[in-house]
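Q: Have a look at this fold, sequence not included:
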């Protein structure tokens, strides 16, 4: 079992930056693949970024590539999402998730945080 708590959301102007944090409690944090997802009003939840246990295996959605950076500190059981050059279309609730298994060739994210709101004004 892993419990996840996000923080760091807020209101920022377009072009600004925010850093989200996700603190994990439970066992074997370093063994989980960690990810960020987001959900905008009226839209489905979408993948943003993910990181393997060492932080070297990262994936990004095309919409955020080059602007967002995912990182993790296994000693602190924390994963981060540095968001730069923010756009109004980045406005969403951002969720942290943990995956401890693969099914049908895909990571399955079984553990989720409660989400943190990010609002980017134009």
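A: Looks like it arrived, so ask away. Bear in mind that the values here come from a model prediction, so they are computed numbers and not experimental data. Residues are numbered from 1 along each chain as shown.
Q: gap between residue 74 and residue 115?
A: Taken as CB to CB, to the nearest Å, the spacing of residue 74 relative to residue 115 amounts to 23 Å. No exception for glycine: its C-beta is placed from N, CA and C like everyone else's.
Q: no no, residue 44
A: In this structure, residue 44 and residue 115 are separated by 14 Å, where distance is defined by CB to CB.
Q: higher neighbour count, the two?
A: Between residue 44 and residue 115, counted using other CB atoms under 10 Å, the more crowded position is residue 115 (18 against 6).
Q: Could you verify my assumption that that one touches residue 95?
A: Yes: with contact defined as CB atoms under 8 Å, residue 115 and residue 95 form a contacting pair (4.8 Å).
Q: Need the overlap of contacts for those two.
A: The contact sets of residue 115 and residue 95 overlap at 6, 39 (CB atoms under 8 Å, 6 or more residues apart in numbering).
Q: could you pull out the strands for this protein?
A: 2-7, 10-13, 18-26, 33-39, 46-51, 58-60, 68-73, 78-83, 92-103, 106-112, 116-121 (DSSP state E).
Q: Quick check: closest non-adjacent residue to residue 1.
A: Taking CB to CB, 6 or more residues apart in numbering, and ignoring the residues beside it in sequence, residue 1 has residue 26 as its nearest neighbour in space, at 5.1 Å.
Q: For the one you found, the count of nearby residues, please.
A: The burial count assigned to residue 26 is 13, neighbours taken as other CB under 10 Å.
Q: Quickly note the distance from the closest residue to residue 94 other than its chain neighbours to residue 74.
A: The shortest distance from residue 94 to any residue that is not its chain neighbour, by CB to CB, 6+ apart, is 4.8 Å, and that residue is residue 38. Separation of residue 38 from residue 74 (CB to CB) stands at 24 Å.
Q: Which of the two has more residues huddled nearby?
A: Comparing residue 38 with residue 74 by neighbour count (other CB under 10 Å), the higher total belongs to residue 38, at 23 against 16.
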